[in-house]
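Q: No letters, just coordinates:
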């Protein structure tokens, strides 16, 4: 009888452990990630960065919550729970991942543009077509087009922007058939289907969410391979790594420098999420400088939340909280980054 009870007890323990480790909860855990050296991601003119010190991009670790990891998160000062809706909106996991890939590639394109322009080097922006971000359930093209495809022509016509594409489709009628040329997994394909009425309007459309798909070509070759890292938040650090390599690697001076922030084609730095966790990751990696977006706090934001703090303020508070000696530097443009390092 005792042996039978022990077996039942052991079975219950195993079952509880399995539930604790593997049962997915309906939210995610956000914790400090890593500070990755940009040397392994960026190659300029066929060469890796060999200068002393390093530039680092910082990440936030994101994982589906399980009972045991959720309990563990309660003991961690910088762990947060995030709902799927807050993280992805109404997008599916596949769409969300595809969007992050697009944002990363777009960020890299803008980083190259800003770095090469400031370094006085030649670059050319090539328009590749319309990037498919999502498809409506009622789209007639849903059986052919997939998230991540690039539409290159409509009815044999090429366009130079998403707006030109939209303007052409606007002039057609709901139910009219159009022929779309697109690339899927590097293969060129065509499909002919009818336009549908876009939700909340009387206008015709393919029933896709679209953005411009561009690529930057340079005389001095540059390659950026980020693996599975997604999103636009490493734009500032990519720009810095590329620019420093183009100009002889004089800015770093042996220091470990981390940071975050989006970068647009005009050199403006944008705010990002999870910056407190990124400061923790940078401090753990030994960074002595951390660049943080100093985004403007509007009156509307202050009115909605009197305690609202921008990226720079949150980053500075995080460094203080962990008693780190890391220097948090506020930035609004790429020029702010360069000017600080040239001091």
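A: Sure thing, it's come through. Predicted model only: the values in this text are computed from it and were never measured.
Q: Could I get the average pLDDT for stretch 161-178?
A: In this model, stretch 161-178 has a mean pLDDT of 93.
Q: who touches it?
A: 127, 130, 151, 154-155, 157, 159, 192-197, 202-206, 210-212 (C-beta atoms under 8 Å, 6 or more residues apart in numbering). All C-beta spots, glycine's among them, are computed from the backbone N, C-alpha and C.
Q: do you know how far residue 52 is from residue 89?
A: Distance, residue 52 to residue 89, using C-beta to C-beta, to the nearest Å: 43 Å.
Q: I meant residue 81, not that one.
A: Where residue 89 is concerned, residue 81 sits at a distance of 17 Å (C-beta to C-beta).
Q: same deal with residue 197?
A: 23 Å.
Q: Which one of residue 81 and residue 89 is surrounded by more residues?
A: Ranked by neighbour count (other C-beta atoms under 10 Å), residue 81 and residue 89 place residue 81 first, with 14 against 10.
Q: That one against residue 26, yeah?
A: No: checked against C-beta atoms under 8 Å, the pair residue 81 and residue 26 is beyond contact range at 10.1 Å.
Q: Need the overlap of contacts for these two.
A: With C-beta under 8 Å, 6+ apart, residue 81 and residue 26 have no common neighbours.
Q: What pairs with the longest strand along the chain, parallel or antiparallel?
A: Looking across the chain with DSSP state E, the single longest strand is strand 123-135. In the sheet, strand 123-135 lines up against strand 150-154 (antiparallel), strand 208-218 (antiparallel) (DSSP bridges).
Q: These: lowest mean pLDDT?
A: Here these differ in mean pLDDT, and the lowest is strand 208-218 at a mean of 89.
Q: tell me how far that one is from the chain's mean position?
A: 15 Å (C-alpha atoms, centre = their mean, to the nearest Å).
Q: And for stretch 28-48?
A: Counting by C-alpha atoms, centre = their mean, stretch 28-48 comes out at 13 Å from the chain centroid.
Q: how long is it end to end?
A: 36 Å (C-alpha to C-alpha, to the nearest Å).
Q: now do stretch 193-203
A: Stretch 193-203 has an end-to-end distance of 16 Å (criterion: C-alpha to C-alpha).
Q: now the spatially most central residue of the chain: how far from residue 161?
A: The residue lying closest to the centre of the chain (C-alpha atoms, centre = their mean) is residue 231, at 0.6 Å. Taking C-beta to C-beta as the measure, residue 231 falls 24 Å from residue 161.
Q: doesn't residue 222 make contact with residue 43?
A: Yes: at 7.0 Å, residue 43 and residue 222 qualify as touching, with contact defined as C-beta under 8 Å.
Q: Please identify which of the two sits among more neighbours.
A: Counted by other C-beta under 10 Å, residue 43 and residue 222 do not tie: residue 222 has more neighbours, with 22 against 17.
Q: Looking at stretch 230-244 now, give me its mean pLDDT.
A: Taken as a whole, stretch 230-244 carries a mean pLDDT of 94.
Q: Can you turn the buried part of the contacts of stretch 161-178 into a ChimeraX selection?
A: Buried subset of the contacts of stretch 161-178, written as a ChimeraX selection, criterion 16 or more other C-beta atoms under 10 Å:
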select :127,130,151,154,159,193,194,195,196,204,205,206,210,212
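Q: thinking again about what came up before, please identify which of the strands paired with strand 123-135 is closest to residue 97.
A: strand 208-218 (14.9 Å; C-beta to C-beta).
Q: what's the next secondary structure element after that closest one?
A: Next along the chain after strand 208-218, taking DSSP states H and E as the criterion, comes strand 222-224.
Q: Packing partners of that next one?
A: Applying 3 or more C-beta pairs under 8 Å, 6 or more residues apart in numbering; DSSP states H and E, we find strand 222-224 packed against strand 42-44, helix 93-119, helix 235-246.
Q: Give me whichever of those is most buried.
A: Of all those, helix 235-246 has the most neighbours on average by mean count of other C-beta atoms under 10 Å, namely a mean of 26.
Q: Neighbouring strands - and their directions - for the helix or strand that that one is followed by?
A: With elements assigned by DSSP H and E, the helix or strand that comes after helix 235-246 is strand 256-259. In the sheet, strand 256-259 lines up against strand 54-64 (parallel), strand 289-293 (parallel) (DSSP bridges).
Q: pLDDT of the following helix or strand past strand 256-259, averaged?
A: Next along the chain after strand 256-259, taking DSSP H and E as the criterion, comes strand 262-263. When pLDDT is averaged over strand 262-263, the result is 95.
Q: Given strand 262-263, what are its sheet partners and their directions?
A: Strand 262-263 pairs in its sheet with strand 269-270 (antiparallel), by DSSP bridges.
Q: quick check: mean pLDDT across the partner strand?
A: If you average the pLDDT over strand 269-270, you get 96.
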